[in-house]
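> give me the fold of what follows.
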Amino acid sequence: MKFFVSCAKGLEYLLADELLALGLDKATATISGVNAEGELAQAQRVVLWSRLASRVLWPLTEFDCPDEGSLYQGVSAMAWEQHISPELTLSVDAHVSGTEITHARFAAQRVKDGVVDSLRSQGLERPSVNTDFPDVRINLSLRKGRATISIDLGGGPMHRRGWRMAQNDAPLKENLAAAVLLRANWPKIHSEGGGLLDPMCGSGTLLIEGALMAADVAPGLQRHGSIPPSRWLGFDRDAWNSLMEEARARETAGRSALKQVIHGSDADPHAIHAAKQNAETAGVGHAIWFGVRDITDVQVPPQETGCVVCNPPYDERLAADAVLYRQLGDALKRAVPQWRASLLCGSADLAFATGLR
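Next up is the predicted model:
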């Protein structure tokens with residue numbers, strides 16, 4: 001079965017490699033995602049284990065859609081009683097491009113109308129709408145006059161891990177943090193006894209994600225807990241329960257073997273307080289050293305090898321300063337000259353300012 005796994009732009013090839021490693025039959029990078037092939041149970045494994053994906057969209061149908069009337073007719077013709085029970089709640093996300101329908105909110109409303117009217121035509125009650133935490137999240141993709149209706153198997157944005165209780169300014173999304181760590185080759189470095197350092201750690205996203213990665217904790221484990229991510233009637237509950245059982249066993253083994261080889265600092269004491277809170281919630285507080293330090297006073301970790309990951313300020317929300325980037329580069333060359341670095345700089349000029357090569 002073909003399905004689509006979305007991600008942030010720039011992560012497509014990393015995601016394709018990850019999906020193949022998770023056992024999918026095929027994964028081809030495209031714009032903002034990957035066209036994947038596999039069974040439903042494999043797609044559900046992606047929901048639980050992907051560190052990079054934003055959503056996993058399992059298609060139900062597709063049809064020509066030259067106008068809003070065709071959209072409504074195509075949706076209302078579906079046998080929705082096979083997909084959602086009247087007592088469940090639903091939400092519709094719409095992504096439209098082209099000239100046929102230009103307003104995503106209007107398109108989502110027409111899809112919702114089609115679902116509700118289809119159920120009512122079968123003598124069933126209409127389900128309620130819950131845009132925040134629906135039982136079933138439906139997705140519309142309308143491109144070049146062709147509509148695809150899918151079930152969002154993850155039930156919402158998969159960058160959320162379930163541990164973020166406190167945050168600093170402009171927090172990094174967890175799936176982007178995972179990409180930075182994978183670019184740094186952190187899993188291999190950790191397996192060889194190396195350390196991890198973030199000298200501008202903010203609320204701790206990169207370090208916490210790195211700790212959970214090192215401990216082999218499935219990204220969806222804390223996000224979903226004991227509740228399946230979707231109550232879509234086609235969801236394979238037995239397969240999901242087996243996946244969760246495997247993930248919990250791997251988590252137990254991984255957490256017990258996790259050592260304190262991860263180090264974080266920031267000049268802002270409020271950021272460090274938030275980072276400690278988040279690390280405790282994620283269950284990795286014991287594995288990360290946090291301290292209040294200026295970038296010019298980076299701690300020298302005891303590990304001889306390792307990688308530095310960092311998300312310095314670089315956009316209009318957080319003023320970028322080439323001098324700060326130079327200080328960062330100089331500090332890293334002094335403290336960890338043999339380590340690998342993966343920095344999210346935002347521009348080539350700022351990356352050049354670090355002096356790192």
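
> name the residues of the top strand by length along the chain that are buried.
With secondary structure taken from DSSP state E, the chain has its longest strand at strand 55-64. Buried residues in strand 55-64, counting neighbours by 16 or more other CB atoms under 10 Å, are found at 55-58, 60. Backbone N, C-alpha and C define where each C-beta goes, glycine included.

> now do stretch 88-95
So for stretch 88-95, counting by 16+ other CB under 10 Å, buried means 88-94.

> output that stretch as CSV, nothing but the C-alphas.
Output of stretch 88-95 as CSV, limited to C-alpha atoms (Å, rounded to 0.1, in the frame of the first residue of the first chain):
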residue,chain,number,x,y,z
LEU,A,88,-16.3,9.6,18.1
THR,A,89,-15.0,13.1,17.4
LEU,A,90,-13.3,14.2,14.2
SER,A,91,-11.2,16.9,12.8
VAL,A,92,-10.2,17.7,9.2
ASP,A,93,-6.9,19.2,8.1
ALA,A,94,-6.8,20.5,4.5
HIS,A,95,-3.9,21.4,2.2
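
> what lies in contact with it?
For stretch 88-95, contacts defined as CB atoms under 8 Å, 6 or more residues apart in numbering pick out 84, 104-105, 107-109, 111-112, 115, 127-142, 152, 231.

> narrow these to those in helices?
104-105, 107-109, 111-112, 115 (DSSP state H).

> and those, which are buried?
Of these, these count as buried by 16+ other CB under 10 Å: 104, 107-109, 111-112, 115.

> of the buried residues of strand 55-64, which pair is most distant in space?
Within the buried residues of strand 55-64, 55 and 60 form the most distant pair, 14.9 Å apart (CB to CB).

> for residue 81, give me its contacts.
Residue 81 touches 118-119, 122, 124, counting by CB under 8 Å, 6+ apart.

> can you rerun that using 10 Å?
118-119, 121-124, 233 (CB atoms under 10 Å, 6 or more residues apart in numbering).

> returning to what we had before: closest one of the buried residues of strand 55-64 to residue 250?
residue 56 (20.1 Å).

> redo the buried residues of stretch 88-95 as a markdown table? Include distance to residue 220 and secondary structure.
Below are the buried residues of stretch 88-95 laid out as a markdown table (distance: CB to CB, whole Å; DSSP: H, G, I helix; E, B strand; the rest coil):
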| residue | distance to residue 220 | secondary structure |
| --- | --- | --- |
| 88 | 21 | coil |
| 89 | 21 | strand |
| 90 | 21 | strand |
| 91 | 19 | strand |
| 92 | 22 | strand |
| 93 | 19 | strand |
| 94 | 24 | strand |
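
> dump those residues to CSV, plus pLDDT and distance to residue 208.
Shown next, in CSV, are the buried residues of stretch 88-95 (pLDDT from 0 to 100; distance: CB to CB, whole Å):
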residue, pLDDT, distance to residue 208
88, 96, 33
89, 97, 31
90, 97, 33
91, 98, 29
92, 98, 32
93, 97, 28
94, 97, 33
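
> pick the one among those closest to residue 71.
The shortest gap between residue 71 and any of the buried residues of stretch 88-95 belongs to residue 94, at 9.5 Å (CB to CB).

> so what's the closest one bridging to?
residue 140 (DSSP bridges).
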